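Peer 1: Curious how this folds, go ahead:
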Amino acid sequence: MPEFPGRGNVRLERRFATDTIAEFARGHTPSDILRELVQNEYDAEGSDLELDFDEDTLTVRGNGQHIGPDGWRRLSVMMGTGVVD
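Peer 2: All right, here's what the predicted structure looks like:
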């Protein structure tokens, strides 16, 4: 691990996932992810949320508002893949 003067040992970690969802999931617990899915539907003013758990998949359906172009732009910046204008 690299050492920085005056800082002691600092652990640097670099992780790469195959996609954004996998990287998000790696940094959160299952309960964090479920909480985020419910909060997203609530924020989108949805009145129905369905989560289907299969052996190797999770399917999420809701009737909240879709994310518009501005929302996707904000998300891309938050995830480090977008450009701030």
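
Peer 1: Quick one: the helices in this structure, in order.
Peer 2: Applying DSSP state H to the chain gives helices spanning 20-26, 30-43, 69-78.

Peer 1: Could you dump the ones you listed into a markdown table with distance to Glu50 added?
Peer 2: Bear in mind the C-beta positions are built from the backbone N, C-alpha and C, glycine included. Shown next, in a markdown table, are the helices of the chain (distance: least, C-beta to C-beta, whole Å):
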| stretch | distance to Glu50 |
| --- | --- |
| helix 20-26 | 18 |
| helix 30-43 | 10 |
| helix 69-78 | 22 |
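
Peer 1: So which of those helices is nearest Asn63?
Peer 2: Nearest of the helices of the chain to Asn63, taken as C-beta to C-beta: helix 30-43 at 8.3 Å.

Peer 1: which strands and helices sit next to the closest one?
Peer 2: Using 3 or more C-beta pairs under 8 Å, 6 or more residues apart in numbering; DSSP states H and E, the elements in contact with helix 30-43 are strand 49-53, strand 58-62.

Peer 1: Arrange these in TSV, one row each, with mean neighbour count, mean pLDDT and distance to Asp43 as further columns.
Peer 2: Below are the helices and strands packed on helix 30-43 laid out as TSV (neighbours: other C-beta atoms under 10 Å; pLDDT from 0 to 100; distance: least, C-beta to C-beta, whole Å):
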stretch	mean neighbour count	mean pLDDT	distance to Asp43
strand 49-53	11	90	12
strand 58-62	13	88	11
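
Peer 1: will you turn the helices of the chain into CSV that also has mean pLDDT?
Peer 2: Output for the helices of the chain, formatted as CSV (pLDDT from 0 to 100):
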stretch, mean pLDDT
helix 20-26, 73
helix 30-43, 87
helix 69-78, 75
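
Peer 1: closest one to Thr59 among the ones you listed?
Peer 2: Each of those was scored for nearness to Thr59 using C-beta to C-beta, and the closest is helix 30-43 (11.0 Å).

Peer 1: Looking at the helices and strands packed on helix 30-43, which is nearest to Ser76?
Peer 2: strand 58-62 (20.1 Å).

Peer 1: Show me the contact partners of that closest one.
Peer 2: Residues from elsewhere that reach strand 58-62, judged by C-beta atoms under 8 Å, 6 or more residues apart in numbering: Leu37, Asn40, Glu41, Ala44, Gly46, Asp48, Leu49, Glu50, Leu51, Asp52.

Peer 1: Fine, thanks again, bye for now.
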